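Q: Quick one, structure for this:
(chains A and B)
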Amino acid sequence: MQLTFQSVSKTFSHRLGKDAVAALENIDLSIASGEFVAILGPSGCGKSTLLEIVAGLQAPTSGEVLLGGEPVHSPHPRVSVVFQEDSTFPWRTVAENVAFGLEMRGVRKAERDDAVAHAIGLVGLRGFEGHYPHQLSGGMRQRVAIARTLVMNPAVLLMDEPFGALDEQTRFVIGEELLRIWDATRCTIFFVTHSLHEAVQLADRIVVLSARPGRIKNIFENRLSRPRLEAKDPQTYAVLMASLREAIGLTSAAFNPDDPRIKPARAAG
Amino acid sequence: MSRAPSALTIAIARSAFVALLLGLWIIGSSIYGSAVLPSPLEVVATMFQGFHEGWLIRATLVTLSEVLPAFAIAAIAGAGLGVALGLAHFWGDVLEPMILGVYSIPKITLYPIFLVLFKLGIASKVAFGFFHGVFPIEILTQGATSTISPTYLKVARTLNLTPWQTAAHVVIPAIVPAMAVGLRLAFSLTFIGVILAEMSASRAGLGFLLNAADSTFDSRRTLAVIVVLAIIGIGTNLVFYALERRVSPARPEARQATLAM
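A: Purely as a prediction, here's the structure:
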C-alpha cells in the first residue's frame, strides 16, 4: 500500500503558554508499496509525531497523509504499529498476546490459532507460546509485539524506535530477522530511529529530518547489498555513514574531525 | 555462598514461633493467675461454651452481617470511583488530596456523626465499616488506572477498539492486581471499622460482647472474643492473599504493590 505525505505540518499549541511549538513542517514524501524507509533524526525532531499521524493517533495541523490514495483520519485496519515501549500485556501469554487483535475483531478461534502459530513462527518464538511476558527478555517481548502486528496481515508496518531499548547485538540480530519477515510479507515498513547503524542496516531509503521543526533535510538511497556488513563494502558503507553524519549535523558541529581537541594523539615515539 | 532456606525450614521456624508465643501465654497465665490472664485451654473451653450456649455464635453472625454488606458496598463503590477518577484526570486531580485527607483522619472521631445519621442499629455499623474500607480500594484502583501504560492504550486505539473493549480487555486486566491488594486491605479495614463501631455504641455483635466482657472483668470471654476476631481476620487475609497470587502470575510489579502496602 502506497504511503504519501502531502505538505504535512504539525504545530502543538499549549493552552497556557503563548508559544506554539512547530513539530513538523511541510513534510512531502512518497513511499512505494513494499518499500522499507527509515526516518532518521535527533530526538525531538517530530519523527514519532509523524509516525502517529500515519497511525491515525494524531491529526496533522495542515496537509494530509494518504494511504493507498485515501486520506488518513483514524487508525487504518491494514496499518499496524510496533512501539518502543513494551506493549505486551503481562496478563496474557505469548500466544494470547499475539491473538489479541484478531480476538478483538471477532475472528473465530480455529482461524485465529493458525494465524497466531504462523506469526509466532515468523518471529522465531515457537516453543514460547505459553510463556508470560515477564518470563521473556526484552528482545523476545519486542518479537511478541511484532508477531502481534504480523497476525493482522498489515499492508503498512509502522515502527517507532522498536529496538531502542535493546542492546546492540540483540538489535542487529532482530534487525536481520525483521528483514527476513519483511521479505516474507512484503509489507511497507516505516521505521523511525535515531541510530545511523540501524538505518543503514535496514532501510532502502533513509529520510533525515532536521531538529525542531522537523523538516526533510535529505533523502538517501541505500544501495548496499544485504546483509549490510561494513566489511563487505567498506567504502560505500563509509561514504553513506559519513553523508548521514553530515546530514544530521554530527560532522559540522559536534564531531568536526579537524577539531584539534578531538584529534587523536599520534603515538609518541 | 549461603543457600536460601527451603520452604520446609521456614514452615518449621514459623510453627516454632507460634509454639513459643503459646508457651509465653501459658507462663504468663500461671504468673498472673487465670482471673487476669486465662490459659489457652480455658479460653478454648469458653469458646466452646459460647458456641454451645449460642451467645458467641449470635455475636459472630451479627458482626458478619454488618461486615459483609459494608465490604461489598465499599468494594463496588471504591473500585468504580477509582476507575472513574483514574480515567478522568481532571476530577482525579481535583479530588485526590481530599480523599487522601479524609483517609488520614482518625475515623473513630467521626463515629458520633454516623450514629446521628444512621441510628444505633446495624445501619450505622455498615456505614462506618464502609467508610473505613472504601479508601484503600479507591486509592489503589485510581492509582493503577491513572498509571496504565499509555502504550497499552495506544495499542487499543490502533486496533480501533470500542470503549467497552478497551475497558474489558485492556484497562481492567491491567488494574486487577492492584485491585486485589485493595480488596484485601479494604476487608481488614471494614472489619476494624465495624468492630470499632460496635465497641463504641451498639447492642450486639463481637465488639459489643468484647466491651461487655471487659467491663465485667470477664477475661475468659474477652479473650474468647479476641480469638474469634483473630480467626476471622487471619482467615480472610489468607483467602485474599491466595486471590492476589492467582491474578498476578508472578508479575514483579504486582508483588511490589503488595510489599509496598
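Q: Look at residue 144 and give its secondary structure.
A: I'll assume chain A. Per DSSP: H, G, I helix; E, B strand; the rest coil, the local secondary structure of residue A:144 is helix.
Q: For the chain, which residue occupies the most central location?
A: In the absence of a named chain, this looks at chain A. residue A:191 (2.2 Å; Cα atoms, centre = their mean).
Q: You answered for a different chain; I wanted chain B.
A: residue B:188 (1.3 Å).
Q: Which helix or which strand is home to that residue?
A: helix B:172-200 (DSSP states H and E).
Q: Convert the C-alpha atoms of the helix or strand immediately after that helix in the chain to PDB, please.
A: The helix or strand immediately downstream of helix B:172-200 is helix B:206-215, counting by DSSP H and E. The C-alpha trace of helix B:206-215 is given here as PDB (Å, rounded to 0.1, in the frame of the first residue of the first chain):
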ATOM      1  CA  LEU B 206     -18.500  -9.200  68.700                       C
ATOM      2  CA  GLY B 207     -17.400  -5.600  69.500                       C
ATOM      3  CA  PHE B 208     -20.300  -5.200  71.900                       C
ATOM      4  CA  LEU B 209     -19.500  -8.600  73.500                       C
ATOM      5  CA  LEU B 210     -15.900  -7.600  73.900                       C
ATOM      6  CA  ASN B 211     -16.900  -4.300  75.700                       C
ATOM      7  CA  ALA B 212     -19.400  -6.100  77.900                       C
ATOM      8  CA  ALA B 213     -17.000  -8.800  78.900                       C
ATOM      9  CA  ASP B 214     -14.200  -6.200  79.500                       C
ATOM     10  CA  SER B 215     -16.400  -4.000  81.700                       C
END
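Q: between helix B:206-215 and helix B:172-200, how many degrees?
A: When axes from the mean of the first three to the mean of the last three Cα atoms, to 10 degrees is applied, the directions of helix B:206-215 and helix B:172-200 differ by 30 degrees.
Q: and after helix B:206-215, which helix or strand comes next?
A: helix B:219-247.
Q: picking that back up, is any residue of the helix holding residue B:188 near chain A?
A: Yes - for helix B:172-200 and chain A, the contact criterion (Cβ under 8 Å from any Cβ of the partner chain) is met by B:173, B:174, B:176. Where C-beta positions appear, they are placed from N, C-alpha and C, glycine not excepted.
Q: Quick one: residues contacting the last one.
A: By Cβ atoms under 8 Å, 6 or more residues apart in numbering or on different chains, residue B:176 lies in contact with A:91, B:247, B:248.
Q: What number of neighbouring residues does the residue of the stretch 1-150 of chain B found nearest chain A come out with?
A: Using Cβ to the nearest Cβ, residue B:149 is the residue of the stretch 1-150 of chain B that sits closest to chain A, at 6.7 Å. Counted with other Cβ atoms under 10 Å in any protein chain shown, the neighbours of residue B:149 add up to 16.
Q: Now it: closest residue in space, sequence neighbours ignored.
A: residue A:85 (6.7 Å; Cβ to Cβ, 6 or more residues apart in numbering or on different chains).
Q: how about the residue in the stretch 151-269 of chain A that chain B sits nearest to, secondary structure?
A: Closest to chain B within the stretch 151-269 of chain A is residue A:152: 8.0 Å, counting by Cβ to the nearest Cβ. Using three-state DSSP, the structure places residue A:152 in coil.
Q: Would you agree it is in contact with residue A:101?
A: Yes - between residue A:152 and residue A:101 there is a contact under Cβ atoms under 8 Å: 4.9 Å.
Q: Need the overlap of contacts for those two.
A: Common neighbours of residue A:152 and residue A:101 (Cβ under 8 Å, 6+ apart) are residue A:80.
Q: tell me the contacts of the residue nearest to residue B:149?
A: A:165, B:149, B:151.
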